[in-house]
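Chemist: fold the following for me, if possible:
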Amino acid sequence: MSARILFVTGTGTEVGKTVTTAAVASAALQGGLKVAVLKPGQTGVTPHERGDADEVVRLVGAPLTTRELARYPEPLAPDTAARRAGRPTVSPAEVAQAVAELAAGHDLVLVEGAGGLLVRYDDEGHTLADQARAVLGLGLPAQVLLVATAGLGTLNTTALTAEALTARGLDLLGVVIGAWPDSPGLADRCNLADLPRSAGAPLLGALPSGAAVAAGFPARALDSLAPALGGRWDAVEFARAQRPQ
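Modeler: Residues are numbered from 1 along each chain as shown. The predicted structure follows:
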């Protein structure tokens, strides 16, 4: 059986991609799967600092494989960060090769992007979408998991990302809310129904705000992700409980 390959992208920065990646990894590990996490381009981190892959390891608290292809110190788009640092960029072919190597020995490969779907990784304008297409070009299955915010503005950015994926022939598996607020407002609650319509794909989870706490994270992951991602979260029941008055 081929490994499952998920590219994790967001509607923007700071939307909860790393926590979502960790949650999906944790759920898979608890299901007895071998998991690998690939970070093609890590920005805003010096050589001796912890990156997103390290954060996934911290949260999961269980053995998994991680790989990082490039690291740039300034918190910028990967192509800009690489240019300013005088370092090589990462090509779609390099990412596809790394994914293929990881897929050969794992059941699930998670590829966490930087920022949103169309952030540039090199001077030719290649993006995470191009990396996913390169994986498909190797004959490997690849889907995209979109991490979105809960409140105002999320429907537009979600719809734009979904349209970009469709235009590139990429399959959007679903949407995960990266940080469900402790005190959700009217827009947050209404968006539980509106996000799937904007995305044209199901809502597959809602991680609670502050989920990036290692203690109890494995159980939190199962409680926050739908069965399609290895969890036990029920979108219908969650929406019913949050239904606006």
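
Chemist: please, where are all the strands along this structure?
Modeler: In the chain, the segments counted as strands under DSSP state E are 4-10, 35-43, 65-72, 108-116, 143-148, 171-180, 203-208.

Chemist: could I get these as CSV with mean pLDDT?
Modeler: Shown next, in CSV, are those (pLDDT from 0 to 100):
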stretch, mean pLDDT
strand 4-10, 98
strand 35-43, 97
strand 65-72, 96
strand 108-116, 96
strand 143-148, 98
strand 171-180, 98
strand 203-208, 97
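
Chemist: tell me the phi and psi of A62?
Modeler: phi -150, psi 160 (degrees, to the nearest 10).

Chemist: hang on, the earlier thing: now render the strands of the chain as TSV, adding mean neighbour count.
Modeler: (Glycine included, C-beta is placed from N, CA and C.) Listed next are those as TSV, based on neighbours: other C-beta atoms under 10 Å:
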stretch	mean neighbour count
strand 4-10	24
strand 35-43	25
strand 65-72	18
strand 108-116	26
strand 143-148	26
strand 171-180	23
strand 203-208	24
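
Chemist: dump those into TSV; add distance to R84 as well.
Modeler: Converted to TSV, the strands of the chain look like this (distance: least, C-beta to C-beta, whole Å):
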stretch	distance to R84
strand 4-10	23
strand 35-43	10
strand 65-72	8
strand 108-116	15
strand 143-148	27
strand 171-180	28
strand 203-208	33
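
Chemist: quick check: closest non-adjacent residue to Q131.
Modeler: Excluding the flanking residues, the one nearest Q131 by C-beta to C-beta, 6 or more residues apart in numbering is V95, at 4.1 Å.

Chemist: distance check, the one you found against V236.
Modeler: Distance of V95 to V236, computed by C-beta to C-beta, to the nearest Å: 36 Å.

Chemist: quick one: which of those two has more around it?
Modeler: V95 (24 against 9; other C-beta atoms under 10 Å).

Chemist: what pLDDT does the model give the more buried one?
Modeler: Listed pLDDT for V95 reads 98.

Chemist: this protein: helices as residue ranges?
Modeler: Along the chain, the stretches classed as helices by DSSP state H are 17-30, 52-60, 78-85, 92-103, 128-137, 154-167, 186-199, 217-224, 235-241.

Chemist: in the third one, what counts as buried?
Modeler: So the one you mean is helix 78-85. Of all the residues in helix 78-85, those buried under the rule 16 or more other C-beta atoms under 10 Å are P78, D79, A81, A82.
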